[in-house]
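With the input below, show me the fold.
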Amino acid sequence: MRTDSSPGSLPAREHLPAAGAGTPVLDVVVPVYNEEKDLGPCVRRLHEHLTRTFPYAFRITVADNASTDGTPQVAAGLAADLPAVRSVRLEQKGRGRALRTVWSASDAPVLAYMDVDLSTDLNALLPLVAPLISGHSDLAIGSRLARSSRVVRGAKREFISRTYNLILRGSLQARFSDAQCGFKAIRRDVAQVLLPLVEDTGWFFDTEMLVLAERAGCRIHEVPVDWIDDPDSTVHIVRTATEDLKGVWRVGKALATGSLPLDRLGRPFGDDPRDRELNGVPQGLARQLVGFCVVGALSTLFYLLLYSGFRHFAGSQFANALALLVSAVANTAANRRLTFGVRGRGGAVRHQAQGLVVFGIGLALTSGSLAALSAASADPDHSTELAVLIAANLAATVLRFLLFRAWVFPDAEPTAPAGKPLLPEPGPQESRLSESRSPESRMPESRLPESRLPETHRPEPHLPDPYRTWSDATVRLQPVRHADTDHSRDAR
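You can find the predicted model right below:
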């Protein structure tokens, strides 16, 4: 997982513009490995379905990742026989590697993939990509676990699938319902930002991309699908499950330590419906108040437990100072990550130093209250001490929140390097998806050059002509064909 550079900003969600160019709107990638038997019939069936029912220009790309049988020859024959079908050959295995290579080089504004067995009913394809074309969503996935889905598969695969998705919900707080369905789509402009962050090159590629997209604030659309299990599937369940669990651990660790720059994947303000200004109410105040109160309540309990423990061998003033110091460090760290959303280690020492200043103010309040109590009563009860400390801590808590928000974690606007604007100014005729740009003009400046990227992140060098450029795509709307049902669906 690349954590060494800023990935750039997510684009605004906009409907793909209609234009007169012939670039396909949709590029459907079919990753294959040793599928010489099923590849031909499945691609022909997919091509017939798209030709008859899909209202936009499309392309089908067969991504052969290091097949050792006759799959490359079958793919080349399909590309020669069928219009809008291409084949790409990779010399290394890995479904994730194949998807990354083709998606990174494709010029279509909407990118999709599906498994070669076409277990998912093709009538779900248009509902899958429609929210991406309209600009409503950033990614779309087929879900076999939605209530209205109709799925035919064995109990073993059903149990494994549901267990895996429960693990994702419990460990990575994933909110999407089905990470493993081989039926997904993503907008190309979003893929350009997310793909450099995805490390896996195998079966966990989908899950990692979805988790990172969700954490970055992308909208994921789910489509209930009709799905029939392929009894001849070559997927090794145990090995795949093991690799997936390793991926869950790796991504969870990266998210917990804040090593991923997801907080820098900001959208232009106003694109999110939650970006609504309220007169006199700073942005994020309500959420920060809730988070601060939760952290404050837990910190107070932690402080009282520490004070009670230290009081057994120390005086009230020393026990108060030590308990407050330990709880203040924990409180600052928790508020930094959970309340104010600061990730990573940058500025952590400075934040803790400022937190200690705030701690000093709290210490003065609590120590002063204890001194006043001692002056009023020579031997106060322990319960009275706790009551006074609670009142003093409440006053210190209010002051702490104000200082945290205004001084320690201020709502600073992002800054750009000297002489460089934060975002490039668009030209008078510029459209995000309708004007071609050079690769360098859209690549985040902080991304590593290709020569320094890990081997798994380098694009495949030998690609056919449609995959030699990152140029933005324009959309040619075609007349809508009759949307009849898919009569060619096989009876599996």
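
ok, the closest residue to R13 other than its chain neighbours - how many residues close by?
Of all residues not flanking R13 in the chain, G135 sits nearest, at 4.5 Å (C-beta to C-beta, 6 or more residues apart in numbering). For the C-beta atoms, the positions are set from N, CA and C on the backbone; glycine is no exception. A count of nearby residues for G135, using other C-beta atoms under 10 Å, gives 16.

ditto for T163
Quick note: T163 (other C-beta under 10 Å) scores 11 neighbours.

ok, so what distance separates it from A179?
12 Å (C-beta to C-beta, to the nearest Å).

Repeat that for V294.
Distance of V294 to A179, given as C-beta to C-beta: 29 Å.

out of the two, which sits in the busier spot?
Per other C-beta under 10 Å, whichever of V294 and A179 has more neighbours is A179, with 25 against 14.

That one belongs to a helix, doesn't it?
No: assigned with DSSP: H, G, I helix; E, B strand; the rest coil, A179 falls outside any helix and is coil.

Go ahead and confirm it touches F205.
No: the criterion here is C-beta atoms under 8 Å, and A179 misses it with F205 at 10.5 Å.

Mind checking what secondary structure the residue of the chain positioned farthest from its centre has?
Relative to the average C-alpha location in the chain, and by C-alpha atoms, centre = their mean, no residue lies farther out than A378, which sits at 59.7 Å. For A378, the assignment made with three-state DSSP gives coil.

what about the nearest residue to E35 once chain neighbours are set aside, neighbour count?
With C-beta to C-beta, 6+ apart as the criterion, E35 has its nearest non-adjacent residue at 5.1 Å, and that residue is V116. Using other C-beta under 10 Å, V116 is surrounded by 20 other residues.

quick one, what contacts V116?
V30, P31, V32, E35, D38, L39, C42, V43 (C-beta atoms under 8 Å, 6 or more residues apart in numbering).

same deal with A241?
Taking C-beta under 8 Å, 6+ apart as the criterion, A241 is in contact with I160, Y164.

so it is in which element?
A241 is part of helix 237-257, with elements assigned from DSSP states H and E.

quick one: the helices in the stretch 101-250 of the chain?
For the stretch 101-250 of the chain, the helices defined by DSSP state H, counting those that start in this stretch cover 125-134, 155-172, 188-194, 205-215, 237-257.

Look at S67 and give its secondary structure.
Secondary structure for S67, judged by three-state DSSP, is coil.

And the nearest residue to it once chain neighbours are set aside, how close does it get to P11?
Counting by C-beta to C-beta, 6+ apart, S67 lies nearest to N34, which is 4.9 Å off, once chain neighbours are set aside. Distance, N34 to P11, using C-beta to C-beta: 37 Å.

How confident is the prediction for the nearest residue to F54 once chain neighbours are set aside, by pLDDT?
Leaving out its chain neighbours, the residue that sits closest to F54 by C-beta to C-beta, 6+ apart is L126, at 6.4 Å. Looking at L126, its pLDDT is 95.

I'd assumed R52 was in contact with L126.
No: look at L126 against R52 with C-beta under 8 Å: they stay out of range, at 11.5 Å.

ok, the two, which is more surrounded?
Neighbour tally, L126 and R52, criterion other C-beta under 10 Å: the higher count belongs to L126, 18 against 15.

circling back: mind putting the contacts of V116 into a markdown table with secondary structure, pLDDT and neighbour count?
Below are the contacts of V116 laid out as a markdown table (DSSP: H, G, I helix; E, B strand; the rest coil; pLDDT from 0 to 100; neighbours: other C-beta atoms under 10 Å):
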| residue | secondary structure | pLDDT | neighbour count |
| --- | --- | --- | --- |
| V30 | strand | 96 | 27 |
| P31 | strand | 94 | 26 |
| V32 | strand | 94 | 25 |
| E35 | coil | 92 | 24 |
| D38 | coil | 91 | 16 |
| L39 | helix | 94 | 23 |
| C42 | helix | 94 | 21 |
| V43 | helix | 96 | 26 |
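
Looking at those residues, spot the one nearest S374.
P31 (74.0 Å; C-beta to C-beta).

Tell me the bridge partners for that closest one.
With DSSP bridges as the criterion, P31 is bridged to A63.

Confirm for me that it is in contact with Y113.
Yes: between P31 and Y113 a contact is recorded at 6.5 Å, counting by C-beta under 8 Å.

so what's in contact with those two at the same time?
Counting by C-beta under 8 Å, 6+ apart, the common neighbours of P31 and Y113 are L99.

ok, G368 to R150 distance?
Going from G368 to R150 by C-beta to C-beta gives 69 Å.

Please apply the same query to V129.
Distance from V129 to R150, by C-beta to C-beta: 21 Å.

So between those two, which is more surrounded?
Taking other C-beta under 10 Å, V129 and R150 do not tie; V129 has more neighbours (26 against 12).

that older thread, buried deepest among the helices of the stretch 101-250 of the chain, which one?
Most buried of those, by mean neighbour count (mean count of other C-beta atoms under 10 Å): helix 205-215, with a mean of 23.

avg pLDDT for that one?
Helix 205-215 carries an average pLDDT of 92.

element containing P410, please.
Going by DSSP H and E, P410 is not in any helix or strand.

quick one: it from F340, how far?
9 Å.

These two: which is more packed in?
Set P410 next to F340 and count neighbours by other C-beta under 10 Å: F340 wins out with 19 against 10.

Not counting its neighbours along the chain, what's nearest that one?
Distance criterion C-beta to C-beta, 6+ apart; nearest residue to F340, sequence neighbours excluded, is F409 at 4.0 Å.

Sketch out the low-pLDDT regions of this protein for me.
Counting by pLDDT under 70, the chain contains low-confidence residues at 1-9, 17-22, 231-237, 263-284, 411-492.

mind giving me the domain split of it?
26-267+438-467, 285-408 (automatic domain parsing).

L50 contacts V28, correct?
Yes: the pair L50 / V28 is scored as a contact, 7.5 Å apart, by C-beta under 8 Å.

any residues in contact with both of these two?
In contact with both L50 and V28: F58, I60, L125, using C-beta under 8 Å, 6+ apart.

With distance to V349 as extra columns, can I get those in TSV?
As requested, the shared contacts of L50 and V28 are arranged in TSV below (distance: C-beta to C-beta, whole Å):
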residue	distance to V349
F58	53
I60	53
L125	52
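
From those, pick the one nearest S143.
Nearest to S143, judged by C-beta to C-beta, of the shared contacts of L50 and V28 is L125 at 14.2 Å.
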